[in-house]
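S.K.: Sharing a sequence plus its predicted fold:
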Amino acid sequence: MFFRTLALCTTFVLAACGGGHSESSPAPQLQKAADGAIGSGLAGVVLDHLTATGTTQALAGLRQVGSTAGIQAGDTFMIGSTTKAMTAALAGRLVERGTIAWSTTLAEALPDLAAGMLPAYRAVTLEQLLDHRGGLPAFTSGTDVARFQAYLQTTLAPLPTTLTGRERFFAAWLLAQDPPPDAMPGQTFLYSNAGYALAALMLETRTGRSFPDLFEQELAQPLGLQVSWTSADVSFKDRPVGHGGAKGRLAPLPPEEADVSLWLDVLRASGQGTTLAPDSYAAWVRWHLRALRGEPTPLAGAYLRRLQALKAGDYALGWIAADIDGRAVLFHNGADRGFSSLVVIDAQGRSASFGITNTEADDGSWALAILNQTLLDIERALPPK
């Protein structure tokens, strides 16, 4: 069986109105928030609050429900769809270098697949894919997954034996499928993990380098990040374990079958298996604070300018614009194989907060709702100065 599930988050939850600001010392406030999140049902959690002068972190909860091992500093987590901004930032660096353009189309970047593409997809651009306007299936779970699974089980064509082959095989199949109802490629916003997989394939084809290699050389090294990818068939040991289920009835998620895992790797650019420690994610967030304050950073201007132009409710390059009590922010959330994440960054670069947990709700909502409320409380208690 292929693609039992694709647990990448599509629910945007940050919202705030009313309320007011209070100020307290960051460390006690953050620890209180972390303990409260565990009391609300999360298995374990890490919270970080960043300002121009430093970072405060709080840990709470367990690596695995039913054990005694608590969350430790340096533990690694999977962050899911908050990876998308990293993929977009990588693309921005290549755009700024002239390797590819935001306006490069699927047909131009993937000429070997152009003949088999539906005409509606041929003019879809790199930028549109990264803004979820490619008109492609969401590929998170359910119908989209079942269609591809059925194709894999019935096709007479030999299945590829390499990741590169699987990426192109998936892309060729995807681009021959009709768009979802009411989706207009190039125009309609439709959140799509598959679109990010195609964007990554465009970058790979233009550079002749694999996505993990591009990520490491063009993003992780310049920004000082330690990022890896955990295949879905891996069993966790001596690190946080992903949990799923209803509140109060969490259970560790078992690994996927090996043949499932091989196909899930095709979606790495959208957040499948992205693994890092919170300190590394904090470094990623801090670069954004610096860039938004106008300081020089390795982040491409081609990427940053798009973020600065966003209005509340807009989506671009892995970020959503919103406001907290009238203050402009950027945010995104993610979920993958029993882990969830949420980040919010002040649009003027004054502060940021994020939370990562080894908990994913069975219905995709309650774990993120806890992170959402926790970060709203932190942002209100520790307003930027």
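M.R.: Looks like it came in fine.
S.K.: Which elements pack onto the biggest strand by length in the chain?
M.R.: Secondary structure of the chain per DSSP state E: the longest strand is strand 327-336. Judged by 3 or more C-beta pairs under 8 Å, 6 or more residues apart in numbering; DSSP states H and E, the packing partners of strand 327-336 are helix 84-97, strand 319-324, strand 339-346, helix 366-381. All C-beta spots, glycine's among them, are computed from the backbone N, C-alpha and C.
S.K.: do that again at 6 Å, thanks
M.R.: strand 319-324, strand 339-346 (3 or more C-beta pairs under 6 Å, 6 or more residues apart in numbering; DSSP states H and E).
S.K.: what mean pLDDT does it have?
M.R.: Mean per-residue pLDDT for strand 327-336: 95.
S.K.: Identify each buried residue in stretch 222-230, please.
M.R.: 223, 225, 227, 229-230 (16 or more other C-beta atoms under 10 Å).
S.K.: What distance do you get for Gln57 to Val95?
M.R.: 33 Å (C-beta to C-beta, to the nearest Å).
S.K.: just Ala183 next, same as before
M.R.: On the measure of C-beta to C-beta, Ala183 and Val95 end up 25 Å apart.
S.K.: same deal with Met184?
M.R.: Using C-beta to C-beta, one gets 24 Å for the distance from Met184 to Val95.
S.K.: Which one's more surrounded, these two?
M.R.: When Met184 and Val95 are compared for neighbours, Val95 comes out ahead with 22 against 11, by other C-beta atoms under 10 Å.
S.K.: And the residue lying closest to the more buried one once chain neighbours are set aside, how far from Gly224?
M.R.: Of all residues not flanking Val95 in the chain, Ala302 sits nearest, at 4.6 Å (C-beta to C-beta, 6 or more residues apart in numbering). Going from Ala302 to Gly224 by C-beta to C-beta gives 21 Å.
S.K.: dump the residue contacts of Ala321.
M.R.: Ala321 is in contact with 310-312, 314, counting by C-beta atoms under 6 Å, 6 or more residues apart in numbering.
S.K.: For Gly313, see how far away it is.
M.R.: Note on Ala321: its distance to Gly313, by C-beta to C-beta, is 7 Å.
S.K.: Same question for Met86.
M.R.: Per C-beta to C-beta, Met86 is found 23 Å from Gly313.
S.K.: So for the two, which residue has more residues nearby?
M.R.: The neighbour comparison of Met86 against Gly313 (other C-beta under 10 Å) goes to Met86, with 23 against 10.
S.K.: separation between the closest residue in space to that one that isn't next to it in sequence and His288?
M.R.: In this structure, Met86 finds its nearest non-sequential neighbour in Leu219, 6.2 Å apart by C-beta to C-beta, 6+ apart. Counting by C-beta to C-beta, the gap from Leu219 to His288 is 13 Å.
S.K.: Same question for Gln57.
M.R.: Counting by C-beta to C-beta - Gln57 and His288 are separated by 17 Å.
S.K.: who has more neighbours, the two?
M.R.: Per other C-beta under 10 Å, whichever of Gln57 and His288 has more neighbours is His288, with 25 against 18.
S.K.: what helix or strand is the more buried one on?
M.R.: Here His288, judged by DSSP states H and E, is contained in helix 278-292.
S.K.: got the buried residues for that helix?
M.R.: Buried-residue list, helix 278-292, by 16+ other C-beta under 10 Å: 278, 280-289, 291-292.
S.K.: quick one: it to strand 339-346, angle?
M.R.: With axes from the mean of the first three to the mean of the last three C-alpha atoms, to 10 degrees applied, the angle from helix 278-292 to strand 339-346 works out at 30 degrees.
S.K.: and helix 278-292 with strand 327-336, angle?
M.R.: 150 degrees.
S.K.: Which strands and helices lie in contact with helix 278-292?
M.R.: On a contact count with 3+ C-beta pairs under 6 Å, 6+ apart, helix 278-292 meets strand 44-51, strand 351-357.
S.K.: Restrict the helix or strand Asp35 falls within to CA atoms and write it as CSV.
M.R.: Under the criterion of DSSP H and E, Asp35 resides in helix 26-39. Provided in CSV are the C-alpha atoms of helix 26-39 (Å, rounded to 0.1, in the frame of the first residue of the first chain):
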residue,chain,number,x,y,z
PRO,A,26,10.2,36.4,29.4
ALA,A,27,11.6,33.3,31.1
PRO,A,28,8.9,32.8,33.7
GLN,A,29,6.2,33.8,31.3
LEU,A,30,7.4,31.3,28.7
GLN,A,31,7.8,28.5,31.1
LYS,A,32,4.3,29.1,32.4
ALA,A,33,3.0,29.0,28.8
ALA,A,34,4.9,25.7,28.1
ASP,A,35,3.5,24.1,31.2
GLY,A,36,0.0,25.3,30.3
ALA,A,37,0.3,23.8,26.8
ILE,A,38,1.1,20.4,28.4
GLY,A,39,-1.8,20.8,30.8
